[in-house]
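Novice: Okay, sequence plus prediction incoming.
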Amino acid sequence: MDLTGAHWRKSTRSGSNQGACVEVADNLPGVVGVRDSKDPTGPALAFAPASWRAFVAQVVERG
């Protein structure tokens, strides 16, 4: 999956946890990228937007 052009963002809830969080790129058509903020040049996961929304909904629900 080519994530060239992805605009990565970190959650505003990340706080000062020394960068131990994920970054999400949702500006690409048909894909949501997820990567480790501590390793921005490392591997990234790619999800279909509907799958990502379902995952986030479950995380928020169990919050």
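Specialist: Yes, it's here.
Novice: For the chain, give me the ranges with low pLDDT.
Specialist: Applying pLDDT under 70 to the chain flags the ranges 13-19, 63.
Novice: all strands for it, in order.
Specialist: Using DSSP state E, the strands of the chain run over 9-10, 22-25, 32-36, 44-47.
Novice: Make TSV from those and add mean neighbour count and distance to residue 3 to it.
Specialist: All C-beta atoms are positioned from the backbone trio N, CA, C, and that covers glycine. TSV is the format used below for the strands of the chain (neighbours: other C-beta atoms under 10 Å; distance: least, C-beta to C-beta, whole Å):
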stretch	mean neighbour count	distance to residue 3
strand 9-10	12	13
strand 22-25	18	6
strand 32-36	19	5
strand 44-47	17	6
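Novice: between the ones you listed, which one is nearest to residue 62?
Specialist: strand 22-25 (16.8 Å; C-beta to C-beta).
Novice: what lines up beside that closest one in the sheet?
Specialist: strand 9-10 (antiparallel), strand 32-36 (antiparallel) (DSSP bridges).
Novice: any chance of those in CSV, plus distance to residue 2?
Specialist: Formatted as CSV, these follow (distance: least, C-beta to C-beta, whole Å):
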stretch, distance to residue 2
strand 9-10, 19
strand 32-36, 10
